[in-house]
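Participant: okay, here's the prediction I keep looking at, along with the sequence it came from:
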Amino acid sequence: MTQGPIRLDVAVGYATPRAGIPAATSFRRWVSAALQGRIREADLAIRVVGEDEGRALNRHYRGKDYATNVLSFPADMAEGVVLPLMGDILLCAPVIAREAAEQGKSTTHHYAHLTVHGVLHLLGMDHEDQREAECMEQLERDILAELGIEDPYRIQD
């Protein structure tokens, strides 16, 4: 694990109306929390999109014809090239707002969770099997707890 401050460059773009969507400073704080102790230097981009763009990208890259909450695109570097570029995270605003309402949680906390989730994917983590899913979910819980955000996997009453 690395210690000390992270040199972090997070570009945040909004391709949908910003009402109800966190500010870029919030996204940067969540990214930093997810990377703390794991990496020293990182460049990545976050793009918040509407349903049409989210659906088109999910269809194109994953073959699934619906908008999903988060997509992660790790940087594809040529062999031997070492840069702090991690990749891109796409967050679909309408899906996130709908899920937060359905799950009875704060929209801001749901954005935080999905940002952390996306960053962990950029670090190479996945949830393709039960063991990987449990490890990734626990790491998400730990990072979010450090941010004062309750367990995103807890069933709401």
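Facilitator: Thanks, I have it. Numbering: from 1, shown residues only.
Participant: pLDDT at residue 156, what is it?
Facilitator: Looking at residue 156, its pLDDT stands at 62.
Participant: repeat for residue 6
Facilitator: Reading off the model, residue 6 has pLDDT 79.
Participant: in a helix, that's where residue 48 is, yeah?
Facilitator: No - judged by DSSP: H, G, I helix; E, B strand; the rest coil, residue 48 forms no part of a helix; its state is strand.
Participant: residue ranges for the strands of this structure, please.
Facilitator: Under the criterion DSSP state E, the chain carries strands at the ranges 7-14, 41-49, 70-74, 85-92.
Participant: name the helices or strands packed onto the third one?
Facilitator: Helices and strands in packing contact with strand 70-74 are listed as helix 51-62, strand 85-92, helix 107-122; criterion 3 or more CB pairs under 8 Å, 6 or more residues apart in numbering; DSSP states H and E. In short, each C-beta sits where N, CA and C put it, glycine included.
Participant: now the second one: average pLDDT?
Facilitator: Strand 85-92 carries an average pLDDT of 93.
Participant: report the distance from it to the chain centre.
Facilitator: 7 Å (CA atoms, centre = their mean, to the nearest Å).
Participant: where does this structure have low pLDDT?
Facilitator: 1-4, 80-83, 156-157 (pLDDT under 70).
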